[in-house]
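*Asks:* Got a predicted structure here, sequence first:
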Amino acid sequence: MTDPVLRATGLTKHYGRRAALTDCTLTVPPGRVVGLVGPNGAGKTTLLQLAVGMLTPTAGSITVLGGRPGAGPAQLAKVGFVAQDAPTYAGLTVAEHLRFGRRTNPGWDQPFAEDRIAQLGLDPAQKAGRLSGGQRAQLALTLAVAKRPELLVLDEPVASLDPIARREFLRALMAYTAEHRTSVILSSHLVSDLERVCDHLIVLTASRVRVTGEVDELMGSHYRLTGARRDPADLPAGAEVIEHSHTERQSTFVVRSLVPIADASLTVEQLTLEDLVLAYLSPSLPPHRTELETAR
Amino acid sequence: MIEFHLDGRSGVAPYMQLIQQVRQALRLGLLREGDKLPTIKDVVAKVAINPNTVLKAYRELEYEGLVSARPGVGTFIARTLNDETGAHEPLREELRAWLRRAQAAGLDADSIEALFVTTFRTQLQEST
């Protein structure tokens, strides 16, 4: 499999005058669990809906698993989608949801769906409206995976769940991907949810891609540096400043560097993925205007 | 069998945390030659972690020669991380003596740790 799961080139979406997504260029390799993060309103849902074909681009292009999103039944069958808040039909029972899935999806795997429902301990005769939030999310995930998609797209799947249901959901999702090698793209405004499950990251801010890449590479190339107050220009060569803050005596930087920072006058620390993302989201740094009046 | 956990606040990449936990278990004798590591599916279902992360950790351990994978059977510990040189005990004694001197000099636990960690880091940086 060499086709990227998702490829976007100059992808742009406007709602009237408002830009929801601006000039996004991205490649997502296959077999990844991709975390799409960013503040509310950054364009996460727009990007996901473009990927599943619910929206069409204003400009630029997007291909998913080598095809145009939403272009015909074959393309639709390849992608499973769970929209925000895991919508289910409150008046339908669990079993009726499965029947609905079977009627509408050519590749539907009924024994697999029934197995999952049994494993989750859900009563097939129960109406979806009477399930807990966690159970509803698991039912929606079951519907999406029982069509045996190559790509699973989940919009804020755990946002409304309590911590236990959240962990349960992610465990079920990871067990599924371990077994079936499905690619997954899931969005969240909470990085802590994604930290352990994602191996690829896309950070969106204000309708643009701020940073994207493999999680291990990102974590291995970002450092927090603290030391006596100094100008960012005096940092070791090759260190790109992502965020900086200063007190009278001390400077703290988050930098991206492909080589380890060897400077005995600085304390060098690894960042958690959450701190790394927050550094990119922080407004402290106007693009490449890093001059600063030096301390006396 | 070893049970993995993840510390989200450590800044250490998850796959590296798994590797460190296996190494640590070997050093402490909790894992021995021939012991089986949990399957990738078991780990992801328990820890809610990306399967590629577990795979990467197991591959790295295999590359180091600490484990060997038998396809269809599982991943097994291939050797131990014992103190083969016998160097640990005398070094531990010297470290204990140093710690006693630091306490006698009036340093509290945090100061001792800070002094140790900064010296340790500087030494590592200079020797690489």
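*Replies:* Great, that's in hand.
*Asks:* Spit out the contact partners of the residue of the stretch 1-150 of chain A found nearest chain B.
*Replies:* Nearest residue of the stretch 1-150 of chain A to chain B, counting by Cβ to the nearest Cβ: A:Val33, 5.2 Å away. For the C-beta atoms, the positions are set from N, CA and C on the backbone; glycine is no exception. Contacts for A:Val33 (Cβ atoms under 8 Å, 6 or more residues apart in numbering or on different chains) come out as A:Met174, A:Thr177, A:Ser183, A:Val184, A:Leu186, A:Val197, A:Cys198, A:Asp199, A:His200, B:Asn50, B:Asn52.
*Asks:* at 7 Å what do you get?
*Replies:* A:Thr177, A:Val184, A:Val197, A:Cys198, A:Asp199, B:Asn50 (Cβ atoms under 7 Å, 6 or more residues apart in numbering or on different chains).
*Asks:* Inside strands: which ones of those?
*Replies:* Counting by DSSP state E, the part of the contacts of A:Val33 found in strands is A:Val184.
*Asks:* Buried residues in stretch A:163-176, which are they?
*Replies:* For stretch A:163-176, burial by neighbour count (16 or more other Cβ atoms under 10 Å in any protein chain shown) applies to A:Ala165, A:Arg166, A:Arg167, A:Glu168, A:Phe169, A:Leu170, A:Arg171, A:Ala172, A:Leu173, A:Met174, A:Ala175, A:Tyr176.
*Asks:* Most neighbours out of the contacts of A:Val33, which is it?
*Replies:* B:Asn50 (29 neighbours; other Cβ atoms under 10 Å in any protein chain shown).
*Asks:* Below-threshold pLDDT in the chain: ranges please.
*Replies:* In the absence of a named chain, this looks at chain A. Scanning chain A with the threshold set as pLDDT under 70 gives A:1-2, A:284-296.
*Asks:* Sorry, I should have been clearer: chain B.
*Replies:* B:82-85, B:128.
*Asks:* Let me see the ranges of the helices in it.
*Replies:* All helices of chain B, identified by DSSP state H, fall at B:14-27, B:40-47, B:51-63, B:88-104, B:109-127.
*Asks:* go on, the stretch 151-296 of chain A?
*Replies:* According to DSSP state H, counting those that start in this stretch, the stretch 151-296 of chain A carries its helices in the segments A:163-180, A:191-194, A:215-220, A:273-281.
*Asks:* what's the first one in contact with?
*Replies:* Yep, that's helix A:163-180 we're talking about. Contact with helix A:163-180 is made by A:33, A:133-134, A:137-138, A:141, A:145, A:157-158, A:161, A:182, A:184, A:193, A:197, B:40-41, B:44-45, B:48-51, as judged by Cβ under 7 Å, 6+ apart.
*Asks:* quick one: that helix to helix B:40-47, angle?
*Replies:* Relative orientation of helix A:163-180 and helix B:40-47, computed by axes from the mean of the first three to the mean of the last three Cα atoms, to 10 degrees: 170 degrees.
*Asks:* Just the CA trace of stretch A:275-283, in PDB.
*Replies:* The C-alpha atoms that make up stretch A:275-283 are tabulated as PDB, following Å, rounded to 0.1, in the frame of the first residue of the first chain:
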ATOM      1  CA  ASP A 275       3.300  21.100  25.800                       C
ATOM      2  CA  LEU A 276       4.600  20.900  22.300                       C
ATOM      3  CA  VAL A 277       1.200  21.500  20.800                       C
ATOM      4  CA  LEU A 278       0.500  24.300  23.200                       C
ATOM      5  CA  ALA A 279       3.700  26.000  22.200                       C
ATOM      6  CA  TYR A 280       2.500  26.000  18.600                       C
ATOM      7  CA  LEU A 281      -0.900  27.400  19.700                       C
ATOM      8  CA  SER A 282       0.600  30.100  21.800                       C
ATOM      9  CA  PRO A 283       0.400  33.600  20.300                       C
END
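*Asks:* Go through it and flag the buried ones.
*Replies:* Buried residues in stretch A:275-283 (16+ other Cβ under 10 Å): A:Asp275, A:Leu276, A:Val277, A:Ala279, A:Tyr280, A:Leu281.
*Asks:* now the contacts of A:Val33 as CSV including distance to A:Gly66?
*Replies:* Below are those laid out as CSV (distance: Cβ to Cβ, whole Å):
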residue, distance to A:Gly66
A:Thr177, 20
A:Val184, 18
A:Val197, 25
A:Cys198, 23
A:Asp199, 21
B:Asn50, 24
